[in-house]
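Undergrad: coordinates only, sequence not included:
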C-alpha cells in the first residue's frame, strides 16, 4: 500500500508542474490589461505604463514566470490587486466555505442516490426504477445555476421557507469562533445552536442545488454496477445457499459494486468543485469560486492562479484517497500496487 501511494505521489508531481505552467500562460493570454483596469478609464497612457511597470508586467514573460515560481516555492501565491491581501490568506479564509458547501451537497446526494440505485437494481421495471431514471435524466438536463435560481424562486420568493440567499449566515448572527472554518461544526463546538440553525438554513438550498446536479451520475452508476453484480455467479450461489436477501445485497453484491461507484464519486466531487463557482454566485456564497470569478473579471492574475493550483492539489489528494479506498475495499489493488 505504501509503495502504491508513493507511486501515485510521484506521478502527481509532473501534473502539478503542468498545471502551474498552463495556468500562468493562460492568464497572460486572456483579454484585458490589469494595469489599464486599475488605472481607470480616464488614465493617461503614461499612467497605465507606470502601473504596468510597478506590477512587473513590463518584464519578459520568462522573467515573470521565474519570479512567480520562485515565490510559489516559498508558499507565496502573490497579492490580490483588488483586495490588497495575500492570495494564500484569502484562499485559506474562503476554502472552508466552499468545502462545507461541496461536502454537504455530496453527502446529501450520496444519501439519496446510492439507496435509489440499489432499489432500482433490485426491482428492475418497477416504479422505483422509473423514478430513478426520471431523476437521473432531470439531474443531467438541468444546468446547476438554473436549478439554484428555481429553488430560490420557489422556497424563498414564493413560499418564504428559506432565508435570503446572501451568504453563510443571516445578518443578525455573527460567525462562531473559528476552529475548523466549517460554521456547522464550529457552532456545535461553541454550543451555539441558534447560529447552527442559521448556518444550516443558509446551506440547505445551495447544498440541494449541488445534490441535484451530482445525484444523476451516482444513482446511474450504482444501478448499473449493482445490476451487473446481481447477475453474477457468486450472487446466485449465495442466494441458493439460503442467505437472506439483505445479506446477499449488502454483504456480497454492494461491496463488489462499490469500486465503480467510488470512481464516480471522485469524478462527481471534481465536477462539484467546478459547479461551485456558479452556485456561489447565485447564492452570494463567500467561497473561493466567487473569489476566482471576481478576480478573473478584473484581470487579477494571482487569485486565478492560486485558485487553479488549489483545485489541482485537491484533485490530486482526492485521487490518492480513492486509490487508498480501493486498496481497503479490494485486496487485489494492494497486490497490483
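TA: The structure has been received and is ready for your questions. This is a predicted model, so every value here is computed, not measured.
Undergrad: give me the nearest residue to residue 303, chain neighbours excluded.
TA: Take residue 303 and drop its neighbours on the chain: the residue closest to it by Cβ to Cβ, 6 or more residues apart in numbering is residue 295, 3.6 Å away. No exception for glycine: its C-beta is placed from N, CA and C like everyone else's.
Undergrad: and the next element down the chain from the helix or strand hosting the one you found?
TA: Residue 295 is part of helix 288-297 when elements are defined by DSSP states H and E. Per DSSP H and E, helix 288-297 leads on to helix 301-329 as the next helix or strand towards the C-terminus.
Undergrad: packing partners for that following helix?
TA: When contacts are defined as 3 or more Cβ pairs under 8 Å, 6 or more residues apart in numbering; DSSP states H and E, helix 301-329 sits against helix 2-29, helix 87-122, helix 255-282, helix 288-297, helix 331-336.
Undergrad: mean confidence for stretch 280-290?
TA: For stretch 280-290, mean pLDDT is 85.
Undergrad: centre of the chain to that stretch, how far?
TA: How far stretch 280-290 lies from its chain's middle: 12 Å, per Cα atoms, centre = their mean, to the nearest Å.
Undergrad: for it, measure first residue to last.
TA: Its first and final residues considered, stretch 280-290 spans 6 Å by Cα to Cα, to the nearest Å.
Undergrad: now the residue nearest to residue 98 when sequence neighbours are not counted: how far from residue 158?
TA: Sequence neighbours aside, residue 287 is the residue nearest to residue 98 in space, at 3.4 Å (criterion: Cβ to Cβ, 6+ apart). Plainly put, residue 287 is 27 Å away from residue 158 if you go by Cβ to Cβ, to the nearest Å.
Undergrad: next one: residue 127
TA: Distance, residue 127 to residue 158, by Cβ to Cβ: 29 Å.
Undergrad: circling back to that earlier point, who touches the residue nearest to residue 98 in this structure?
TA: Residue 287 makes contact with 94-95, 97-98, 101, 276, 280, according to Cβ atoms under 8 Å, 6 or more residues apart in numbering.
Undergrad: for the helix holding residue 295, buried residues please.
TA: Under the neighbour-count criterion of 16 or more other Cβ atoms under 10 Å, helix 288-297 has 288-296 buried.
Undergrad: which one among these gets closest to residue 164?
TA: Nearest to residue 164 out of the buried residues of helix 288-297 is residue 290 (Cβ to Cβ; 16.4 Å).
Undergrad: quick one: contacts for that closest one?
TA: Residues in contact with residue 290, defined by Cβ under 8 Å, 6+ apart, are 277, 280-281, 284.
Undergrad: buried members of those residues into ChimeraX, please.
TA: Here is the ChimeraX command that picks out the buried ones among the contacts of residue 290, judged by 16+ other Cβ under 10 Å:
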select :277,280,281
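Undergrad: could you give the angle of the lengthiest helix in the chain to helix 255-282?
TA: Across the chain, the longest stretch assigned as helix under DSSP state H is helix 193-230. Relative orientation of helix 193-230 versus helix 255-282 (axes from the mean of the first three to the mean of the last three Cα atoms, to 10 degrees): 140 degrees.
Undergrad: tell me how far helix 193-230 is from the chain's mean position?
TA: 13 Å.
Undergrad: try stretch 149-166
TA: Computed by Cα atoms, centre = their mean, the chain-centroid distance of stretch 149-166 equals 23 Å.
Undergrad: can you check stretch 281-298 too?
TA: For stretch 281-298, the distance to the chain centre is 14 Å (Cα atoms, centre = their mean).
Undergrad: what sits against the closest residue to residue 323 other than its chain neighbours?
TA: Distance criterion Cβ to Cβ, 6+ apart; nearest residue to residue 323, sequence neighbours excluded, is residue 8 at 5.5 Å. Residues in contact with residue 8 (Cβ under 8 Å, 6+ apart) are 319-320, 323.
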